[in-house]
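[1] Quick one: sequence plus predicted model below, questions after.
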Amino acid sequence: MNHQYIPQVVLDCICELGEGPVWVAENQQILWLDIKKGRIHSYNRDTKTHHSFSVGEMIGCIAQRSSGSFIAGLENGIAFIDIENNSVQHIINPEEGIGNRFNDGKCDAAGRFWTGTMSLQEEENKGNLYVMDADLSIKKKIENVTISNGLAWNADNSIMYYINTPTNYIFAFDYDIQTGNISNQRVVIDLTHEKGCADGMTIDEEGMLWIAFYGGWRVDRYDPSTGKLLQQILLPAENVTCCTFGGSGLDDLYITTATQGMNEQALKEQPDAGKLFVVEHIGVKGMLPQKFKS
Ligand code: CA
């Protein structure tokens, strides 16, 4: 707990709702999203190359496909996205016409795409968590969630971690990597007395969870086997949304933040809010993001 982490601003690009960072190892790029602006950003810190493109609707999450390009959860369902050609190919929208959008999502080690939804008005219990298989069939796995967030799997794929943000609990499920079946839901970390709301999350090679706190100015590292806080990274922005490991050693932690809902005074006091941050060489490695097997 004594280590002082110094987050650096990666580049001067302010998102309304910065989110969903993904490390793309093949070209040493960090990808992240501005959900509200429907924009995908990518940056290579070696070449200092920044690209961004709008998908024309809100975008909640993105993951690589094993065949190249990307799969994403959008305002209007799940889609394939080709970043080279700026093209969006919608696949399916299981929630058409009910006022929801897709939010956080990730792939498991078998190449399934897990992504959940939330109400555009943030109405309670209107969202669901889905899984898409390589054959593009989709199944609802958890019902009645408010804001679906924070997926992570442990190294042997026996546990899936999940966040339904307003509960401020980190849930765990027994995970069957052969079938994608989840069972035995339990609370492993109780954050109900903490400042801010648990939002995005990633896991490191020691099985510890790094949790971003919206309205909480920080990322915390927790041990899910004991529920104990291990480390803390303080950010100069109140709305910390998500984090992921990247860098050539996979030991840099990238952290996204948001400006949405902040008044003029708060924006003035937090000039770096909405930017992408990095803490380099954090002392532990993450795990490479899994790809959609299609
Ligand atoms: Ca989120």
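    Done, it's in.
[2] just checking, Phe171 touches Thr165?
    No: contact criterion CB atoms under 8 Å: Phe171 and Thr165 do not qualify, at 11.5 Å. No exception for glycine: its C-beta is placed from N, CA and C like everyone else's.
[3] Mind checking which of the two has more residues around it?
    Thr165 (22 against 18; other CB atoms under 10 Å).
[4] hang on, that one packs against Thr146?
    Yes: the criterion here is CB under 8 Å, and Thr165 meets it with Thr146 at 6.7 Å.
[5] Do a quick rundown of the helices in the chain.
    264-269 (DSSP state H).
[6] Tell me where the model's unsure across the chain.
    1-3 (pLDDT under 70).
[7] what residues does it put near the ion?
    Counting by CB under 5 Å from the ion, the residues of the chain close to the ion are Asp104, Asn149, Asp199, Gly200.
[8] Around the first one, count how many other residues there are.
    This points to Asp104. Asp104: 29 neighbours (other CB under 10 Å).
[9] mind checking the longest strand of this structure?
    Counting residues, the longest strand found in the chain (DSSP state E) is strand 181-190.
[10] count of residues packed around the closest residue to Tyr175 other than its chain neighbours?
    Sequence neighbours aside, Met160 is the residue nearest to Tyr175 in space, at 4.3 Å (criterion: CB to CB, 6 or more residues apart in numbering). Number of residues near Met160 (other CB under 10 Å) recorded here: 24.
[11] repeat for Gly56
    13.
[12] Now do the residue nearest to Tyr175 against the ion, distance only.
    Shown here: Met160 relative to the ion, a distance of 17 Å by CB to the ion, to the nearest Å.
[13] returning to that earlier point: make a markdown table out of the residues of the chain next to the ion and add distance to Gly97.
    Formatted as a markdown table, the residues of the chain next to the ion follow (distance: CB to CB, whole Å):
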| residue | distance to Gly97 |
| --- | --- |
| Asp104 | 22 |
| Asn149 | 23 |
| Asp199 | 27 |
| Gly200 | 28 |
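[14] Of the residues you listed, which is the most crowded?
    That'd be Asn149 among the residues of the chain next to the ion, by other CB under 10 Å, with 31 neighbours.
[15] mind listing what that residue touches?
    Asn103, Asp104, Gly116, Tyr162, Ile163, Asn164, Thr165, Ala198, Asp199, Gly200, Met201 (CB atoms under 8 Å, 6 or more residues apart in numbering).
[16] Of those residues, just say which sits nearest to Thr47.
    Among these, Gly200 lies closest to Thr47 (CB to CB), at 26.4 Å.
[17] what's the nearest residue to the closest one if we skip its chain neighbours?
    Gly200 sits nearest to Cys242 (CB to CB, 6+ apart), 2.6 Å away.
[18] who are the neighbours in contact with that neighbour?
    Gly18, Glu19, Gly20, Pro21, Asp104, Asp199, Gly200, Met201, Thr202, Ala212, Ile255, Thr256.
[19] With adjacent residues omitted, what lies nearest to the third one?
    This points to Gly20. Closest to Gly20 by CB to CB, 6+ apart is Leu33, at 4.3 Å.
[20] Pretty sure the one you found sits against Ile40.
    Yes: contact criterion CB under 8 Å: Leu33 and Ile40 qualify, at 5.9 Å.
[21] Please identify which of these two sits among more neighbours.
    More neighbours surround Leu33 than the other of Leu33 and Ile40, with 28 against 23 (other CB under 10 Å).
[22] Look up how far Leu229 lies from the more buried one.
    From Leu33 over to Leu229 the distance is 28 Å, taken as CB to CB, to the nearest Å.
[23] for Thr165, same thing?
    19 Å.
[24] Then Asn44?
    34 Å.
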